[in-house]
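>>> pasted the sequence and its predicted model underneath.
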Amino acid sequence: MLEQGTISIHTENIFPIIKKWLYSDHEIFLRELVSNAVDAIQKLRMVARSGEYSGDVDHPEVTITIDKENKKLAIADNGIGMTAEEVKKYITQVAFSSAEEFVQKYKGEGENAIIGHFGLGFYSAFMVADRVEIDTLSYREGAVPVHWTCDGSTEFTLSDGQRTTVGTTVTLTLQDSELEYLEPGRIRELIRKYCDFLPVPIKLEGEQINKQIAPWKSASNSLSKEDYLEFYRYLYPFQEDPLLWVHLNTDYPFVVNGILYFPKLRPDIDVTKGQIKLYCNQVFVSDNCEEVIPRFLLPLRGVIDSSDIPLNVSRSFLQNDRTVRKIADYIAKKVGDRLKELYREDPAAYVRSWQDLGTFVKFGSINDEKFKKQVEDILIYRTTAELTANDSEDVWASEGGIQVDGKTYTTLKEYLERNKERQGNRVYYCTDEVNQATYVQLLKSQGIEVLFMDSFIDTHFVPWLEQNYKDVKFLRVDAELDETLIDKNKESELVDPTTKKTRSEQIKSLFESVLKKPKLTIRTEALKADAPPAMILLPETSRRMQEMMAMMQQQPNAQLPEEHILVVNTAHPLVQNLLTLSQGTIIQTSGTSETGALVEKLCQYIYDLALMSQRGFDANGMQQFTERASQVLTQLTTMAMR
Ligand SMILES: Nc1ncnc2c1ncn2[C@@H]1O[C@H](COP(=O)(O)OP(=O)(O)OP(=O)(O)O)[C@@H](O)[C@H]1O
């Protein structure tokens, strides 16, 4: 026996605290012990390189052994080893006091207070073990093997050991409640989770169980496209391949390595939940690094490895840490650079990925001023404009936009420039290509360019655009009638000698009396060719209010507000016929004649059609519509047969 001693501590007994610490996370003891073992191996290599050690350093390995019968789990390395003095210093003093400090500091914090629960180090072994033994032999010449043991109280013993090779074995006698760590499957799972990319073979039952190579530590030019894809598939099996990736690699002013991938976003993806894995020196820390990266980058996947992210601090502290903020900025900048590079070098790939990238870029622009500045010139929109592209080419880029697979994309700047004479600072946009098709078609026929803002993020993005481009007016296609659609010929303004009303006034009162909707505004306009008999308009401001209300009440689809405008097209032959028919009925009899009834039904029907090209009906509306449609048609055929 070399020595028997008492670990000097200030707290009465921290072992019970350590044992209870982080119930759910006892498993991290293995990560701590294996990373200590890998550190020891790397230290020996350094010593060998400096010429202080001439033994074998070319077969580094960490070996995990399970002895079920005796409830023992051992982690052995062929690293630097420790002398008795070093064991006393590093294990009973340094390690212990840092563990004590750690426990003191975080006693009151919740379970998730610390990222990856770093800082407990060697003593985390006592979370799962009743007894911990160390057998070690230092690399130093003439060193004697040492055996250290501690049974979870403050007493320890230090004696001569049996070890004959340089290195250290830490043997745990597991508590009865922790026998899961005697299962090879469980150990394999933990090594893959935490230690997969540690640069030394980690063996269990004669087999290496870690991947060992961390691709993010390699230079980007040494990795092929297939290497990146393979790594992605390894990290996220059974997922679609990513769209593109960014390799992070910097040593100054902080160390950050990593590979971030842009996955294909499903429309229902939860953009608040991260899937990026955080590593520290190739040891897995957490797959929840919301505090470390800007929020808008959360949909990305991959790995960030940095030893400059403080891990033994609380999460809230982490968020405000200056280095962490700088790292976050660095990552965001790299991501922006990568997107710009793709836009420049492979516009077709950029456009083809836009559906996924767009959501992300817009989300980033809304959330991060610096990122917005970076990407504002590469925010693109699908447009109705047709560039005079060379038909034989699938991809065609010009000053005005990019055309890919028959669809044209443009930036806001290009849109405004192209349309400044015709539209001034007005931007027309469509949020639903199917339901707003009539409006889009009408504007298009008048030579007005429409942008599609129809992804789920656009509801937030359009108001954001308005705030950022205060002198630009954004109008949804159904917000108002463009002047050019209105036919200025005054025929409809002629006064009828019998009724003393203009034609448009008569049409207006006809619709008012039939539809009987006080909140509906009826407006009459003579519209140009192609225009339907009637259209619904939703003024921009009231529509936004409605959308906001719907969102607050968590209704997925805003209902059509009761206050909307029905524009009746006085130039349409159907409307004109209707007026003529209704005039006939007024002269003949009261409104209940057969023709009168038909007029009423037709008015309703025209309104139905307008509603339909706005957004369709609810179930009730649909049923009424089909009923009315068959009534109108029956009556028309009956009348035609006479
Ligand atoms: N397998 C080992 N071989 C050689 N020395 C070791 C071994 N394990 C632990 N040590 C020594 O004990 C010290 C304390 O280890 P401990 O795990 O508590 O803290 P750490 O590794 O320094 O820091 P961390 O809190 O990040 O784990 C180490 O710094 C090292 O000097």
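Thanks, I have it. Quantities reported herein were computed from a predicted structural model and do not represent experimental measurements. Numbering: from 1, shown residues only.
>>> any weak-confidence spans in this structure?
1-2, 6-24, 95-119, 266-272, 312-315, 388-399, 489-494, 554-559, 584-592, 616 (pLDDT under 70).
>>> which parts of it sit against the ligand?
Contacts of the chain with the ligand, taken as C-beta under 6 Å from any ligand atom, map to 32, 36-37, 40, 77, 79-80, 82, 90-91, 94-95, 119, 121-122, 168. Where C-beta positions appear, they are placed from N, C-alpha and C, glycine not excepted.
>>> and those, which is closest to Ala571?
Gly119 (78.1 Å; C-beta to C-beta).
>>> what number of residues lie near the residue of the stretch 1-150 of the chain found nearest the ligand?
Closest contact between the stretch 1-150 of the chain and the ligand, by C-beta to the nearest ligand atom, is at Gly121 (2.5 Å). Applying other C-beta atoms under 10 Å, we find 21 other residues in the vicinity of Gly121.
>>> my guess is it contacts Glu32, does it?
Yes: using C-beta atoms under 8 Å, Gly121 is in contact with Glu32, at 5.6 Å.
>>> so which strand or helix has the residue positioned nearest the centre of the chain?
Centroid-nearest residue in the chain: Pro299, 2.5 Å away (criterion: C-alpha atoms, centre = their mean). Under the criterion DSSP states H and E, no helix or strand holds Pro299.
>>> and it, its phi and psi?
phi -70, psi -10 (degrees, to the nearest 10).
>>> again with Cys150
phi -150, psi 130.
>>> ok so, going back, surely the residue nearest to the centre of the chain touches Pro263?
Yes: between Pro299 and Pro263 there is a contact under C-beta under 8 Å: 7.1 Å.
>>> so which bits of stretch 341-352 are buried?
By neighbour count, and taking 16 or more other C-beta atoms under 10 Å as the criterion, the buried residues in stretch 341-352 are 342-343, 347-352.
>>> thinking again about what came up before, next, work out how far apart the residue nearest to the centre of the chain and Asp287 are.
Using C-beta to C-beta, to the nearest Å, we find Pro299 at a distance of 14 Å from Asp287.
>>> same thing with Leu481?
53 Å.
>>> who's more crowded, these two?
A direct count of neighbours by other C-beta under 10 Å for Leu481 and Asp287 places Leu481 higher, at 19 against 15.
>>> Ile536 belongs to a strand, doesn't it?
Yes: assessed by DSSP: H, G, I helix; E, B strand; the rest coil, Ile536 belongs to a strand.
>>> now the helices for the stretch 51-200 of the chain?
84-86, 96-106, 184-194 (DSSP state H, counting those that start in this stretch).
>>> quick one, domains of this protein?
As given by the TED database, the domain ranges for the chain are 13-208, 215-361, 380-477, 488-585+593-641.
>>> the third one: how far from the chain's middle?
It refers to domain 380-477. Relative to the chain's own centre, domain 380-477 is displaced by 25 Å; criterion: C-alpha atoms, centre = their mean, to the nearest Å.
>>> could you list the residues in contact with stretch 172-179?
By C-beta atoms under 8 Å, 6 or more residues apart in numbering, the surrounding residues in contact with stretch 172-179 are 19, 26, 29, 70-74, 125, 128-133, 181-182.
>>> kindly recompute the last result at 10 Å.
For stretch 172-179, contacts defined as C-beta atoms under 10 Å, 6 or more residues apart in numbering pick out 19, 26-27, 29-30, 33, 66-68, 70-75, 125-133, 149, 151-152, 180-182, 186.
>>> just the buried ones among the residues you listed, please.
Buried by 16+ other C-beta under 10 Å: 19, 26-27, 29-30, 33, 66, 71-75, 125-129, 131-133, 149, 151-152, 181-182, out of the contacts of stretch 172-179.
>>> in strands, which of those residues appear?
Residues of those located in strands (DSSP state E): 66, 72-75, 129, 131-133, 149.
>>> for the residue of the stretch 401-550 of the chain found nearest the ligand, what are its contacts?
The nearest approach of the stretch 401-550 of the chain to the ligand comes at Ile457, 41.0 Å away (C-beta to the nearest ligand atom). Residues near Ile457 by C-beta under 10 Å, 6+ apart: 265, 267, 271, 358-363, 366, 464.
>>> make JSON lines from those residues and add neighbour count, secondary structure and distance to Thr173 to it.
Listed next are the contacts of Ile457 as JSON lines, based on neighbours: other C-beta atoms under 10 Å; DSSP: H, G, I helix; E, B strand; the rest coil; distance: C-beta to C-beta, whole Å:
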{"residue": "Leu265", "neighbour count": "20", "secondary structure": "coil", "distance to Thr173": "49"}
{"residue": "Pro267", "neighbour count": "10", "secondary structure": "coil", "distance to Thr173": "53"}
{"residue": "Val271", "neighbour count": "14", "secondary structure": "coil", "distance to Thr173": "47"}
{"residue": "Gly358", "neighbour count": "21", "secondary structure": "helix", "distance to Thr173": "57"}
{"residue": "Thr359", "neighbour count": "20", "secondary structure": "helix", "distance to Thr173": "53"}
{"residue": "Phe360", "neighbour count": "25", "secondary structure": "helix", "distance to Thr173": "51"}
{"residue": "Val361", "neighbour count": "25", "secondary structure": "helix", "distance to Thr173": "55"}
{"residue": "Lys362", "neighbour count": "22", "secondary structure": "helix", "distance to Thr173": "57"}
{"residue": "Phe363", "neighbour count": "21", "secondary structure": "helix", "distance to Thr173": "52"}
{"residue": "Ile366", "neighbour count": "19", "secondary structure": "helix", "distance to Thr173": "56"}
{"residue": "Trp464", "neighbour count": "16", "secondary structure": "helix", "distance to Thr173": "61"}
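>>> what is the nearest of those residues to the ligand?
Val271 (33.2 Å).
>>> how about the helices in the stretch 451-600 of the chain?
Counting by DSSP H, counting those that start in this stretch, the segments of the stretch 451-600 of the chain that form helices are 458-468, 503-515, 540-552, 573-588, 594-614.
>>> who are the packing partners of the second one?
It stands for helix 503-515. If you count contacts as 3 or more C-beta pairs under 10 Å, 6 or more residues apart in numbering; DSSP states H and E, helix 503-515 packs onto strand 521-525, strand 565-569, helix 573-588, helix 594-614.
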